[in-house]
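Chemist: After the sequence you'll find the predicted model.
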Amino acid sequence: MTEIHSSIGGSLEDMLDELGEKEDVYGEAIKRVLAWQIEEARKSRSLTKSGMAAAMGTSRTQVERVLDPLNVAVSIDTLERAARSVGKTLRIELVDV
């Protein structure tokens, strides 16, 4: 007999919930987007990573952490300073699920 899986026809969100990985995947996806947006803004302003670090009042190593799409352990304060250093504003909001 063939076993019927309840997740067939379900959403990716449902599957990630079942696996207990939804929070991690969402966190990484958000960080990837933020890192990409900050990097694009940095490049469009012809700002070097060292220049960005100076504008943030931090080290180039910290800038590398901000721009690393896989490093989700970056504080909101650091992301906000990174955004300001490239002429942007970080906006965080809660939305209904």
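Modeler: Noted; the coordinates are in hand.

Chemist: Dead centre of the protein: give me the residue that sits there.
Modeler: The residue lying closest to the centre of the chain (CA atoms, centre = their mean) is residue 31, at 0.8 Å.

Chemist: Strands along the chain, start to end?
Modeler: Taking DSSP state E, the chain contains no strands at all.

Chemist: For it, give me the ranges with low pLDDT.
Modeler: By pLDDT under 70, the weakly predicted segments of the chain are 1-9, 12, 16, 21-22, 24.

Chemist: where along it do the helices fall?
Modeler: Using DSSP state H, the helices found in the chain span residues 12-19, 22-44, 49-56, 60-67, 76-85.

Chemist: I'd like those written out as JSON lines, with distance to residue 93 added.
Modeler: C-beta coordinates here come from the backbone N, C-alpha and C atoms, glycine included. Shown next, in JSON lines, are the helices of the chain (distance: least, CB to CB, whole Å):
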{"stretch": "helix 12-19", "distance to residue 93": "20"}
{"stretch": "helix 22-44", "distance to residue 93": "12"}
{"stretch": "helix 49-56", "distance to residue 93": "23"}
{"stretch": "helix 60-67", "distance to residue 93": "20"}
{"stretch": "helix 76-85", "distance to residue 93": "13"}
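
Chemist: between those helices, which one is nearest to residue 95?
Modeler: Closest approach to residue 95 among the helices of the chain is made by helix 22-44 (12.3 Å; CB to CB).

Chemist: tell me which residues in the closest one are buried?
Modeler: Within helix 22-44, the residues scored as buried using 16 or more other CB atoms under 10 Å are 31, 34, 35, 38, 39, 41, 42.
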